[in-house]
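[1] sequence and predicted structure below; questions after.
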Amino acid sequence: MNATDYLNYIVNEIHRTIVATVDDDGLPVTAAIDMMDSDANGLYFLTAKGKNFYDRLKKRQFLALTAMKGEDTMSSVAVSIRGKVRELGSDKIPELFEKNPYMCEIYPTKASMQALTVFQIYKGSGEWFDLSKKPIERDTFTFGQAEKKAEGYFITNACIGCKKCVAVCPQNCINQNKIPFVIEQEHCLHCGNCMSVCPSGAVERRQ
């Protein structure tokens, strides 16, 4: 899947997300926020202008969120986003209400809807993590022209092929076809076992 597919999945398959912002003391604050629409330009959601959440968005212009789906841990899919946000105002509210008709029960009149404003997450990076598959499935993506960076654990040319990393990998995701060995990033748990046992210091963590 590409970035647009992942954003659509958040809106259509999960919808409710847990969003983290930062308060004036530099401490994290979470809130449950519905992602109401998506397109190639990002994610869209509503909030009331009288909320502390609104104030934090305006001051920081950044958030992080996680959306999860699944009956239990081993059937779960999680999509996480870190990105920049901007206020779009009220023009898109009728469209969001049409796509999310339950909002009419919360804000039933045009007068009450005046409290609302639309925000867009317009630039950011994300991670897809699917525990329902064996081995696990992981992917990273960016949108809004955000720079994509290689994250996780990588084996360098210092590898001696001793296979100690292979023995401790919980997902058996280290390809041994050639030296240096290669970690299959799409299945890696990022547990760090490989780096902790490597006698030659061949495993590096990139952030």
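    That came through fine. Remember, predicted model here, so these are calculated numbers, not experimental data.
[2] tell me which element Leu189 is part of?
    Counting by DSSP states H and E, there is no helix or strand that carries Leu189.
[3] my guess is it contacts Asn172. True?
    No - between Leu189 and Asn172 there is no contact under C-beta atoms under 8 Å: 11.0 Å. Bear in mind the C-beta positions are built from the backbone N, C-alpha and C, glycine included.
[4] out of those two, which sits in the busier spot?
    Leu189 (17 against 11; other C-beta atoms under 10 Å).
[5] what residues does that one make contact with?
    Residues in contact with Leu189 (C-beta atoms under 8 Å, 6 or more residues apart in numbering) are 136, 138, 170-171.
[6] mean confidence score for the top helix by length along the chain?
    Under DSSP state H, the helix in the chain containing the largest number of residues is helix 52-60. If you average the pLDDT over helix 52-60, you get 98.
[7] likewise for stretch 143-158?
    pLDDT averaged over stretch 143-158 gives 92.
[8] list the buried residues of it.
    143-144, 146, 152-155 (16 or more other C-beta atoms under 10 Å).
[9] who does the longest strand that the chain contains pair up with?
    Scanning the chain for the longest strand, with DSSP state E as the assignment, gives strand 116-130. Sheet pairing of strand 116-130 (DSSP bridges) gives strand 42-48 (antiparallel), strand 77-89 (antiparallel), strand 137-143 (antiparallel).
[10] among the contacts of Leu189, which two are most distant?
    Arg138 and Pro170 (13.1 Å; C-beta to C-beta).
[11] and the two? Which one has more around it.
    When neighbours are counted by other C-beta under 10 Å, Arg138 and Pro170 differ, and Arg138 comes out ahead with 21 against 11.
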